[in-house]
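Enquirer: fold the following, please.
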Amino acid sequence: MRLFVVLLAPIFCAGQTCDTAAGHRRLALVIGNATYANLPATPAALGDSEMMNRALSDAGFDVTLVQNAVMPALFDEQREAFLRKVQPGDVVFFYYAGHVVRDANDESLILPANFDPSVDISDDTFSVKRFIGDLSERQPGISVIMIEGPPPLGKALPGLRTGLNVPDLRGQGNILFAMSAPGREEVGVPPEGAVDRFTKAVAQRLATPGLTLRELFSQARQQVFTETNQKQLPAVDQLIAGDFCLTAPIVKPTPPPVIETHVTIQDTVPTNKKDRQEYVLIPAGTFQMGCVSGDSRCRPDEKPQHTVKISKNFWMGRTELQVEPYLRFLTTIKKKPPSAPQDYMRWHIGNLPMVMITWGQARDYCQWAGGRLPTEAEWEYAARSGRSGEIYPLNSENSRDKANFAGTQGSDHWIGVAPVHSFDANGFNLFDMAGNVWEWVNDWYQADYYNVSPSVDPQGPPAGVKHVIRGGSFESDWKEHLRLSLRWVPKWDSDLKTGFRCVLDETPATKELLGIH
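Expert: Numbers count the residues shown, from 1 in each chain. Modelled structure (predicted):
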């Protein structure tokens with residue numbers, strides 16, 4: 001790995017990478033069922049399907065549009081013809097608007113326009129689970145399944161339940177499943193000629209340059225949640241690997257750097273062979289730790305500001321530890337994961353930061369990965385990224401480009417937690433050192449520790465009652481919790497707002513883990 005010296009700029013990261021699966025075809029099957037022979041109409045379904053047809057076509061998809069689909073043609077002809085076109089590596093998008101139900105096995109079923117409740121449902125419905133399985137056998141590179149279901153049917157259907165559920169996507173490849181159903185009964189049905197909120201929110205974003213699929217559906221989900229006064233929250237479950245975008249990002253010229261100090265950075269970001277997370281080299285150096293002059297919000301435990309020397313280079317996780325590697329760690333030690341918060345969809349969203357983790361569990365993971373938790377001094381040094389005298393990250397105070405905190409505006413589309421890599425990196429190429437989730441550090445909390453703290457590589461008090469967390473979360477007030485000097489003690493041993501990241505000491509073993517020669 002090549003190392004070099006640069007003059008620190010506010011942002012040297014030109015933008016996140018974006019995989020557009022260049023060279024692979026894009027195929028879409030769009031179905032809109034509005035008029036039913038034996039069921040209430042779904043007036044918006046035709047407008048939904050036509051909007052998705054246009055949006056997907058503009059995004060480069062070869063779209064097959066079917067409206068008021070009937071059986072057996074839907075299953076035997078249109079479905080089979082579409083599947084035959086799919087080749088390994090293709091990008092596939094399946095969209096449906098219309099009635100959906102569940103059978104006695106809780107399997108989601110699409111109802112054709114000629115559905116007859118009096119006949120055997122196995123001969124007169126379209127199984128979502130079977131379609132996903134058959135599609136998976138064609139080995140597409142990326143699959144997206146989106147269902148715009150109306151409010152549940154008011155009348156009972158023999159052997160059926162209204163609504164749908166999220167299928168088990170494990171083993172189905174790179175796949176994203178989204179449905180609008182949760183909460184629809186509370187917000188009503190759009191009139192004929194109108195378009196459903198979730199469909200509109202997704203369609204508007206399909207051609208956005210540089211927007212990953214994860215970001216696209218997360219933003220659409222949050223938009224619906226906001227527009228319905230928190231009455232409707234679409235479900236999004238995904239196993240997409242990497243940062244896949246339908247449209248490549250627009251490359252903007254790099255602005256002239258603001259020169260402040262010298263730091264050493266690496267031109268490549270190595271991956272830990274054990275946990276498959278990226279780690280960034282943090283160079284040794286000296287900084288001013290604690291309350292910044294002019295910060296009227298400083299608490300007593302942030303004082304006095306004092307000089308701290310970090311005497312050795314270390315490697316720090318580029319992002320907050322993600323769900324996917326933590327679940328893999330639990331598999332190796334044969335333990336079950338904790339209960340998942342709502343936004344995490346049973347831990348299926350692998351690029352969200354791992355939460356519901358105690359300090360001891362975070363410590364154990366870092367040891368398994370070949371490292372440890374950062375000291376409080378190392379964490380603040382890395383968060384300041386070589387800049388002095390700043391109260392907030394990059395002196396941006398309430399910048400929505402740099403942190404996920406309470407409320408939404410600009411680049412901060414998330415009411416709750418955001419996927420890692422969603423905001424700008426700091427000067428050390430680290431993400432989310434402010435906001436998103438709090439982060440455990442190694443130190444015990446002691447209110448007056450700064451009065452007795454060593455000036456070189458402080459390790460924190462030898463004992464205590466609680467450990468420190470740093471950085472703020474998606475619920476934080478930026479004025480208070482995004483301050484770089486803030487020290488916080490959690491109320492609970494674990495919660496949905498606290499995660500962690502690991503560090504690796506610079507040793508021969510670390511070089512082996514990172515593949516550095």
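
Enquirer: sheet partners, orientation included, of the host helix or strand of residue 176?
Expert: In this structure, residue 176 sits in strand 175-179 according to DSSP states H and E. Here strand 175-179 is paired, per DSSP bridges, with strand 142-148 (parallel), strand 235-238 (antiparallel).

Enquirer: nearest residue to the middle of the chain?
Expert: residue 419 (2.4 Å; Cα atoms, centre = their mean).

Enquirer: start to end distance for stretch 93-107?
Expert: Start-to-end span of stretch 93-107 (Cα to Cα, to the nearest Å) is 21 Å.

Enquirer: which parts of it are buried?
Expert: 93, 94, 95, 96, 97, 98, 99, 100, 101, 102, 103, 107 (16 or more other Cβ atoms under 10 Å). C-beta here means a position set from N, CA and C on the backbone, and glycine is covered the same way.

Enquirer: what residues are bridge-paired with the fifth one?
Expert: Taking DSSP bridges as the rule, residue 97 bridges to residue 32, residue 148.

Enquirer: if we can go back for a sec, show me which pair in the buried residues of stretch 93-107 is furthest apart.
Expert: 93 and 103 (25.4 Å; Cβ to Cβ).

Enquirer: do you know how far the residue in the chain sticking out farthest from the centre is from residue 38?
Expert: For the chain, the C-alpha farthest from the mean C-alpha position belongs to residue 118; by Cα atoms, centre = their mean, that distance is 43.5 Å. Look at residue 118 and residue 38: by Cβ to Cβ, to the nearest Å, they are 8 Å apart.

Enquirer: could you do residue 335 as well?
Expert: 50 Å.

Enquirer: repeat that for residue 325.
Expert: 50 Å.

Enquirer: between these two, who's got more neighbours?
Expert: residue 325 (20 against 12; other Cβ atoms under 10 Å).

Enquirer: can you give me the helices for the stretch 201-350 of the chain?
Expert: Ranges of helices in the stretch 201-350 of the chain, per DSSP state H, counting those that start in this stretch, are 213-227, 323-333.

Enquirer: could I get the helix or strand following the shortest one in CSV with only the CA atoms?
Expert: Scanning forward in sequence from helix 323-333 by DSSP H and E, the next helix or strand is helix 359-368. In CSV, the C-alpha atoms belonging to helix 359-368 read as follows (Å, rounded to 0.1, in the frame of the first residue of the first chain):
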residue,chain,number,x,y,z
TRP,A,359,-20.1,-2.4,26.0
GLY,A,360,-18.9,-5.9,26.7
GLN,A,361,-20.4,-7.3,23.5
ALA,A,362,-18.7,-4.5,21.5
ARG,A,363,-15.4,-5.2,23.3
ASP,A,364,-15.7,-9.0,22.5
TYR,A,365,-16.4,-8.3,18.8
CYS,A,366,-13.4,-6.0,18.4
GLN,A,367,-11.2,-8.7,20.1
TRP,A,368,-12.6,-11.3,17.6
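
Enquirer: for the next helix or strand after helix 359-368, buried residues please.
Expert: Remark: after helix 359-368, the chain's next helix or strand is helix 376-384, criterion DSSP H and E. Residues of helix 376-384 classed as buried by neighbour count (16+ other Cβ under 10 Å): 376, 377, 378, 379, 380, 381, 382, 383, 384.

Enquirer: any idea how the chain splits into domains?
Expert: Domain segmentation of the chain under automatic domain parsing yields 26-238, 265-514.

Enquirer: how many residues are close by the nearest residue to residue 294 once chain neighbours are set aside?
Expert: Leaving aside its sequence neighbours, residue 294 sits nearest to residue 391 (Cβ to Cβ, 6 or more residues apart in numbering; 7.2 Å). Residues within reach of residue 391, counting by other Cβ under 10 Å, total 20.

Enquirer: before we move on, back to that, quick one: which of the buried residues of stretch 93-107 is nearest residue 274?
Expert: Once Cβ to Cβ is applied, the member of those that ends up nearest residue 274 is residue 93, at 35.5 Å.

Enquirer: could you find the closest non-adjacent residue to that closest one?
Expert: Excluding the flanking residues, the one nearest residue 93 by Cβ to Cβ, 6+ apart is residue 28, at 4.2 Å.

Enquirer: report the contact partners of that neighbour.
Expert: Taking Cβ atoms under 8 Å, 6 or more residues apart in numbering, we find residue 28 in contact with 52, 56, 61, 62, 63, 64, 92, 93, 94, 95.

Enquirer: go with 6 Å
Expert: By Cβ atoms under 6 Å, 6 or more residues apart in numbering, the residues touching residue 28 are 56, 61, 63, 93.

Enquirer: biggest separation within those, which pair?
Expert: Maximum pairwise distance in the contacts of residue 28, criterion Cβ to Cβ, is 8.5 Å, between 63 and 93.

Enquirer: on that earlier part again, need the winner for burial among the strands paired with strand 175-179.
Expert: Comparing those on average neighbours per residue, with mean count of other Cβ atoms under 10 Å, the densest one is strand 142-148 at a mean of 24.

Enquirer: what about that strand, distance to the chain center?
Expert: Strand 142-148 sits 17 Å away from the centroid of its parent chain (Cα atoms, centre = their mean, to the nearest Å).

Enquirer: give me the angle between that strand and helix 213-227.
Expert: 20 degrees (axes from the mean of the first three to the mean of the last three Cα atoms, to 10 degrees).

Enquirer: output the strands paired with strand 175-179 in JSON lines; the columns should cover mean pLDDT and distance to residue 444.
Expert: Below are the strands paired with strand 175-179 laid out as JSON lines (pLDDT from 0 to 100; distance: least, Cβ to Cβ, whole Å):
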{"stretch": "strand 142-148", "mean pLDDT": "93", "distance to residue 444": "46"}
{"stretch": "strand 235-238", "mean pLDDT": "82", "distance to residue 444": "38"}
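
Enquirer: between those strands, which one is nearest to residue 180?
Expert: For those, distance to residue 180 was read as Cβ to Cβ. The smallest value, 4.9 Å, belongs to strand 142-148.

Enquirer: which other residues reach that closest one?
Expert: With Cβ under 6 Å, 6+ apart, strand 142-148 has contacts from 48, 91-97, 135, 174-180, 196, 199, 244.

Enquirer: got the CA positions of that strand in PDB?
Expert: What follows is strand 142-148 as a C-alpha-only set of coordinates in PDB (Å, rounded to 0.1, in the frame of the first residue of the first chain):
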ATOM      1  CA  ILE A 142     -29.800  -7.500  -8.700                       C
ATOM      2  CA  SER A 143     -33.500  -8.200  -8.100                       C
ATOM      3  CA  VAL A 144     -36.100  -5.600  -6.800                       C
ATOM      4  CA  ILE A 145     -39.600  -6.700  -5.900                       C
ATOM      5  CA  MET A 146     -42.000  -3.800  -5.100                       C
ATOM      6  CA  ILE A 147     -45.700  -4.200  -4.200                       C
ATOM      7  CA  GLU A 148     -48.100  -1.400  -3.900                       C
END
